[in-house]
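S.K.: structure of the sequence below:
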Amino acid sequence: MQTTRLILSVASLVVLLLLAGTAGASPVPPEEPLATADGGERSVAVADDSGKTVVIQGIPQKIVSLAPSNTEILYALGLEDRIVAVTERCDYPPATADKPRVGGFSTVNIEKVIAAEPDLIFAAPANTEEVIDRLRSLGMTVVILDPQTIDGVLHDIELAGRATGQEEQASALIEELQARIEVVAEKAAESRVEQPSVAHVIWHDPLWVSGRGTFQNEVITLAGGTNAFGSVDGWSIISLEEFITTNPDYILVSSGSGMDRDGYDAIYNYIINESRLQRLDAVRNDRVYVIDADVVSRGSPRIVDALEEVAGYLHPDTAGPGTPKATGTVQSPGFGAIPLICALSAAVLLLRKR
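M.R.: Sure thing, here's the model as predicted:
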């Protein structure tokens, strides 16, 4: 019984880590208009993704980010010099390596956050309500970002831009991303290939796939494909028999192994070497591709990179100069959270059946 409770606790923790940068499907609240406080000091009120209205006085000069997706947005807005601390999971862009760390998603070290003396904190639901409420009770200004869709990412870029006084940078970034999305849509429409079926596999033992309500599902459909497992909700376990019967035209697999073996892509190697999968169209036609797990999972500007990459795989006849070439044997750096959640969740399911 003690072992069961321990595994359930750890699994719940990893779920929180994963969800901080991934997707569901829910509307985002509107923002309130900019106002000017007495004495001419800048004051802006924004409605964050939790629905809470947050008033920010002046231009924040010391910013703490408590999620990798938040950090990527802030760097994309040119705020690197104002970021005074990030989490242990914030690893992109590479310049984040020089920033002080304040713990993980659900293991935020409140003392370290206080020591950074931030005038603005960008948090995520996975930081836990307890931590967020505690920071606010200490007088900290906290804005929660939790994009659920690609449109949600664009919304949060605008929100972060308003909160930090980087409105022009946010507007320019959104315009650039929207233009890139439109190019993908146009190329998909011009393609001679009609909406091939695509499976995205995030782990192989057991088989976990991305269903509806995920960033991966949106990437597949916007790139001109059809999610082979769009009938399932979120990330779900399916049987090997169901995977074989579905027989997707393309298979996308998340990078890494979850075992800290850089350069080794466990899911890719399983798919191409498993004897029972050799008759799948995707395997026979060399259409199994590794995609960086962070890029395709985080609610950051790089989700458009994933969109362009997938579009290049599905519609090579319309690929432009910047579209990645189809190289199924490419191996990418690992990303431990997704494989770990799958393994732990499988253990939980087994224990519950006992």
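
S.K.: let me see the domain layout of the chain.
M.R.: 29-146, 193-353 (automatic domain parsing).

S.K.: got TSV for those domains, with distance to residue 176 too?
M.R.: Heads up, the C-betas are built off the backbone N, CA and C, glycines and all. Converted to TSV, the domains of the chain look like this (distance: least, CB to CB, whole Å):
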stretch	distance to residue 176
domain 29-146	10
domain 193-353	9
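
S.K.: in a markdown table, list the ones you listed along with mean neighbour count, mean pLDDT and distance to residue 158.
M.R.: Listed next are the domains of the chain as a markdown table, based on neighbours: other CB atoms under 10 Å; pLDDT from 0 to 100; distance: least, CB to CB, whole Å:
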| stretch | mean neighbour count | mean pLDDT | distance to residue 158 |
| --- | --- | --- | --- |
| domain 29-146 | 18 | 91 | 8 |
| domain 193-353 | 19 | 81 | 12 |
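
S.K.: nearest to residue 153, out of the ones you listed?
M.R.: Counting by CB to CB, residue 153 lies closest to domain 193-353 out of the domains of the chain; the figure is 5.1 Å.

S.K.: now that closest one: how far from the chain's centre is it?
M.R.: Here domain 193-353 is found 14 Å from its chain centre; the criterion is CA atoms, centre = their mean, to the nearest Å.

S.K.: tell me the secondary structure of residue 312, please.
M.R.: helix (DSSP: H, G, I helix; E, B strand; the rest coil).

S.K.: next one: it from residue 209, what distance?
M.R.: Distance of residue 312 to residue 209, computed by CB to CB, to the nearest Å: 21 Å.

S.K.: then residue 178?
M.R.: In terms of CB to CB, residue 178 sits 29 Å off from residue 209.

S.K.: and what of residue 264?
M.R.: Distance from residue 264 to residue 209, by CB to CB: 21 Å.

S.K.: measure stretch 188-207 end to end?
M.R.: From its first residue to its last, stretch 188-207 covers 29 Å (CA to CA, to the nearest Å).

S.K.: contacts only, for the nearest residue to residue 271 once chain neighbours are set aside.
M.R.: Using CB to CB, 6 or more residues apart in numbering and skipping the chain neighbours, the partner closest in space to residue 271 is residue 288 (5.3 Å). For residue 288, the contact set (CB atoms under 8 Å, 6 or more residues apart in numbering) comprises 250, 251, 253, 268, 271, 272, 282, 328.

S.K.: residues contacting the second one?
M.R.: Spelled out, that is residue 251. Residue 251 touches 198, 199, 200, 201, 271, 280, 282, 283, 287, 288, 289, counting by CB under 8 Å, 6+ apart.

S.K.: give me the phi and psi angles of it.
M.R.: Per-residue torsions, residue 251: phi -130, psi 120 (degrees, to the nearest 10).

S.K.: which strand residues bridge it?
M.R.: Assessed by DSSP bridges, residue 251 has beta-bridge partners residue 199, residue 288.

S.K.: so how far is residue 111 from it?
M.R.: Residue 251 is 46 Å from residue 111, by CB to CB.

S.K.: just the first one next, same as before
M.R.: Separation of residue 250 from residue 111 (CB to CB): 48 Å.

S.K.: ramachandran coordinates for the spatially closest residue to residue 125 that is not a sequence neighbour?
M.R.: Closest residue in space to residue 125, ignoring its immediate chain neighbours: residue 146 at 5.5 Å, by CB to CB, 6+ apart. Residue 146 adopts backbone torsions of phi -150, psi 60, taken as degrees, to the nearest 10.

S.K.: in this structure residue 146 contacts residue 122, no?
M.R.: No: at 10.7 Å, residue 146 and residue 122 do not qualify as touching, with contact defined as CB atoms under 8 Å.

S.K.: nearest residue to residue 212 other than its sequence neighbours?
M.R.: In space, residue 212 is closest to residue 230, 5.2 Å off (CB to CB, 6+ apart).

S.K.: which element is the one you found on?
M.R.: Under the assignment given by DSSP states H and E, residue 230 is not contained in any helix or strand.

S.K.: would you agree residue 106 is in contact with residue 129?
M.R.: No: the pair residue 106 / residue 129 is not scored as a contact, 10.6 Å apart, by CB under 8 Å.

S.K.: buried set for the longest helix seen in the chain?
M.R.: In the chain, with assignment by DSSP state H, the single longest helix is helix 167-190. For helix 167-190, a neighbour-count test (16 or more other CB atoms under 10 Å) marks 169, 170, 173, 174, 177, 180, 181, 183, 184, 187, 188 as buried.
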